[in-house]
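**Student:** Provided below for reference: sequence and predicted model.
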Amino acid sequence: MTDSNLIFNLLTFDFSFGDRTMYFSKKDIGRCQVIHRSIFPEKIDSLFPGIKTNGTEKIYTTFTCPYEEFKPLSIRFETENSDFIKRYYNRQINHYFNDIGQIVKVGFIKENQVWVHSSNESNEQSDIYEKYSLKVQLKTVSDYPELLLSYDGRSKVLKRSAATLIREVSPTCFNWILSNGKLRKWEWMSEEEMPDYEQCFPVLNKKLQAALHIPVEPPDRDNRYPRYWEKINHFYNQFLNNDEFRNIIPLHDPGFLKVNPSRINKTSDESNQLLFGNGVGAVPKYGIRDLEPYKGSPYNNIHLFFILHKDDREHALRIKTYLEEGFHWFKGLYKYAHILFHTEQGFSIVFSNKDNPVQEIEEKLSNRVISPDVKYIAIYLTPYSKFEHDRHKREIYYKVKELLLKRRITSQFIDPAKLDEQGSNWVYSLPNIAVAILAKLDGIPWRLNTPVKNELIVGVGAFKQIEEGIQYIGSAFSFANNGKFNSFEYFMRDEVDILAGKIANAVRNYTVINNPPDRLIIHFYKCMSEKELKYIEDALHNLKVSMPVFIISINKTESEDIVAFDTGWKELMPLSGTFINIGNGKYLLFNNTRYSDDPISKSDGYPFPIKLAIDCTEKEQLNDARVIRELIDQAYQFSRMYWKSVRQQNLPVTIKYPEMVAQIAPHFDSGDIPSFGKSNLWFL
């Protein structure tokens, strides 16, 4: 790979207009845009003296269209409030696509998402639309204004109207609808005097999909880079690479922006190294097989038992055989993960009620003699897959997890239907199961091959429950810098003071055993607010500890964001460990298994990059390139500590593990995680 092969999904353009006259008023005439005080033009005081300081929250503009009672103001694009200029360009883009008959969905800050109909993919039930976002940003990675073009995947619009569907499903299942070529929220329809519901066609969402019993499509495991690249190039040539669009945004030739080599760097070679029992390796699935686990389970009295529906007896016997004796090239739990276990005759639990097994399982478990000298692990053969539409059936998974945790029993859930569906290919699931079981039994499959430092890493992640619309946080996931897991806590989104307290507790617990850490590194699932940081600083001050606090915001870049493509490799995914400075303390980091130009295994996947934003309570540390490189290296390494499978992940476990907990814990009846579960990786 050469640096010149990397290309952003960005198009640059010129401020070619010079000064433009735009028009503003304090009155709303109904055909103008609202301008919040945060994006007031720089010289707005010259039109309305004192408006920036007198508490005025909003004004109105027709932009370049003169209108009675609207006052003119000369706008210089190069020096103007950048957010105001973005708003102007977003409006121009919106008008362009509306004028050529395309469907446009407008976002919160007036950014545009264009929906392009795909006649080839549409069918009798639904119309398929390809979605593309266009965002304007100013001199972020170049010396010019930039247009970010991203491919956001597909949406389905049902061909049956709301007037027809309402006979089968509740209108509460509707969210976005397509009506007369416009995308609108369902709730907005009530504002019309006589809505024409026969012309309202709902966009398929999870709730509507479940109500209509439409099967859930499994996640796409194919390489998305070539498809994404093809899509944005096609969109560019179809809609943007013409004189009409250049009249409003004068795009540069020859298209997408090459990444400046000065912005590209790479994590250290050592970052790919993992420490196993008998040596160092880079790929977990080979390392644990050939070099053995770094550390086996500390328990030598392990009893493995099954919980299963009566129809799954044959499945349970097959799985037991696979775990004991092996299956194809998988040689069993002991030879693969050094887990020595016994299955006691008559201890396993067989239930009859598939739709409501929890009470039956609890009664039978209560009749078992649980020895304090034995470490138990349950294999639960779930009758329903994770894609099950019925919410009650999905809840069984969580209730059984909680039931076992209350008895200090960790568990591994297996979908028996996959044994039949996958046949001999099910062998590829066994290494993942083995690694997860080892971690749940307090073993260490592998660790980072890095010197132990006196620092503490805390991860904070979140998961939004779609049904309730509530966001929960799994937090204070505490790690040593070599990847050793300490403990975690869980709480709800708005409990910022509790978040700070949990982080302070992690520091206190670390300090009791070691000295106070030299630095605290927080991996956060979003940009941390000043309020959140202030709570954390106050909590640390109360502990009477002083140290730099680094905050690394870590976000996925699945869509609507900046990515990069390696046009020098046919699969287009940049080398693993590549990171790109995208301005304002932000970086793209590529985490994958491409270490050379050789082909990679499709099963390893082709993940998109993650986006890092780095901040610190001691700002001068942000000027130290060595420190920044070290922090990016560390985030990269933590993506290699995922013990739910042997596949490479792109998201560090400091974010991924809390997200996994937050996805499960809200379903627990107790409202909290049993104490046993706060120092155990039961959620893998």
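**Tutor:** In hand now; what should we look at? Residues are numbered from 1 along each chain as shown.

**Student:** what's the local residue count around residue 234?
**Tutor:** Other residues within reach of residue 234, judged by other CB atoms under 10 Å, total 14. Where C-beta positions appear, they are placed from N, C-alpha and C, glycine not excepted.

**Student:** and it, how far is that from residue 413?
**Tutor:** 42 Å (CB to CB, to the nearest Å).

**Student:** how about residue 307?
**Tutor:** Distance, residue 307 to residue 413, using CB to CB: 9 Å.

**Student:** same thing with residue 675?
**Tutor:** 22 Å.

**Student:** got it, and residue 71?
**Tutor:** Applying CB to CB to residue 71 and residue 413 gives a distance of 66 Å.

**Student:** following the host helix or strand of residue 418, which helix or strand shows up next?
**Tutor:** Taking DSSP states H and E as the definition, residue 418 sits inside helix 417-422. Downstream of helix 417-422, the first helix or strand assigned by DSSP H and E is helix 430-440.

**Student:** how far does that next one sit from the chain's center?
**Tutor:** 23 Å (CA atoms, centre = their mean, to the nearest Å).

**Student:** mean confidence score for the helix or strand just after it?
**Tutor:** Proceeding N to C from helix 430-440, the next assigned helix or strand is strand 447-448, under DSSP H and E. Across strand 447-448, the average pLDDT comes to 88.

**Student:** give the pairing partners of strand 447-448; include direction for each.
**Tutor:** Next to strand 447-448 in the sheet, as set by DSSP bridges, lie strand 274-276 (antiparallel).

**Student:** per the record, what domains does this structure have?
**Tutor:** 11-248, 296-440, 447-678 (automatic domain parsing).

**Student:** mind picking out the helix or strand in this structure with the poorest mean pLDDT?
**Tutor:** strand 470-480 (a mean of 60; mean pLDDT, DSSP states H and E).

**Student:** closest to the centroid, which residue in the protein?
**Tutor:** residue 556 (4.6 Å; CA atoms, centre = their mean).

**Student:** so which bits of the helix or strand that residue 319 is a member of are buried?
**Tutor:** When elements are assigned from DSSP H and E, residue 319 belongs to helix 313-325. Neighbour counts over helix 313-325 (16 or more other CB atoms under 10 Å) mark 315, 316, 318, 319, 320, 322, 323 as buried.

**Student:** run through the strands of the stretch 551-684 of the chain in chain order.
**Tutor:** 564-566, 578-583, 586-589, 610-616 (DSSP state E, counting those that start in this stretch).

**Student:** tell me the buried residues in the helix holding residue 418?
**Tutor:** Using 16+ other CB under 10 Å as the test for burial, helix 417-422 gives residue 419.

**Student:** restrict it to CA atoms and write it as PDB.
**Tutor:** Output in PDB follows, covering the C-alpha atoms of helix 417-422 (Å, rounded to 0.1, in the frame of the first residue of the first chain):
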ATOM      1  CA  ALA A 417     -31.500 -24.800  15.300                       C
ATOM      2  CA  LYS A 418     -28.200 -23.700  13.900                       C
ATOM      3  CA  LEU A 419     -26.800 -27.200  14.400                       C
ATOM      4  CA  ASP A 420     -29.300 -28.500  11.800                       C
ATOM      5  CA  GLU A 421     -29.000 -25.400   9.500                       C
ATOM      6  CA  GLN A 422     -25.200 -25.300   9.400                       C
END
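
**Student:** what helices or strands is it leaning on?
**Tutor:** Under the contact criterion of 3 or more CB pairs under 8 Å, 6 or more residues apart in numbering; DSSP states H and E, helix 417-422 touches helix 313-325.

**Student:** and the next helix or strand past the helix it packs on?
**Tutor:** Per DSSP H and E, the helix or strand that comes after helix 313-325 is helix 333-337.

**Student:** pull up the overlap in contacts between residue 307 and residue 413.
**Tutor:** Counting by CB atoms under 8 Å, 6 or more residues apart in numbering, the common neighbours of residue 307 and residue 413 are residue 380.

**Student:** more crowded one of the two?
**Tutor:** Here residue 307 and residue 413 are compared on neighbour count by other CB under 10 Å; more neighbours surround residue 307, at 24 against 16.

**Student:** just to revisit the earlier point, so how far is the helix holding residue 418 from its chain's centroid?
**Tutor:** 28 Å.

**Student:** shift numbering so it begins at 2
**Tutor:** Sure, I'll start numbering at 2, so the last one becomes helix 418-423.

**Student:** ok, how many other residues are close to the spatially closest residue to residue 26 that is not a sequence neighbour?
**Tutor:** Of all residues not flanking residue 26 in the chain, residue 71 sits nearest, at 4.6 Å (CB to CB, 6 or more residues apart in numbering). Applying other CB under 10 Å, we find 20 other residues in the vicinity of residue 71.

**Student:** one more: residue 180?
**Tutor:** Residue 180 is flanked by 20 other residues according to other CB under 10 Å.

**Student:** so for it, what's the pLDDT?
**Tutor:** 91.

**Student:** look up how far residue 102 lies from it.
**Tutor:** 15 Å.

**Student:** where in this protein is pLDDT low?
**Tutor:** 2-4, 17-18, 387-388, 465-488, 490-496, 558-561, 672 (pLDDT under 70).

**Student:** ok, the spatially closest residue to residue 48 that is not a sequence neighbour - contacts?
**Tutor:** For residue 48, ignoring the flanking residues on the chain, the nearest one in space by CB to CB, 6+ apart is residue 72 at 4.8 Å. When contacts are counted by CB under 8 Å, 6+ apart, residue 72 touches 24, 25, 26, 48.

**Student:** how near is residue 72 to residue 47?
**Tutor:** As for residue 72, its distance to residue 47 is 9 Å (criterion: CB to CB).

**Student:** for residue 223, see how far away residue 427 is.
**Tutor:** Distance, residue 427 to residue 223, by CB to CB: 21 Å.

**Student:** more neighbours: which of these two?
**Tutor:** Per other CB under 10 Å, whichever of residue 427 and residue 223 has more neighbours is residue 427, with 19 against 10.

**Student:** name the nearest residue to that one, sequence neighbours excluded.
**Tutor:** Leaving aside its chain neighbours, residue 427 sits nearest to residue 420 (5.3 Å; criterion: CB to CB, 6+ apart).

**Student:** ranges for the helices of the stretch 52-201 of the chain?
**Tutor:** 83-100, 163-166 (DSSP state H, counting those that start in this stretch).
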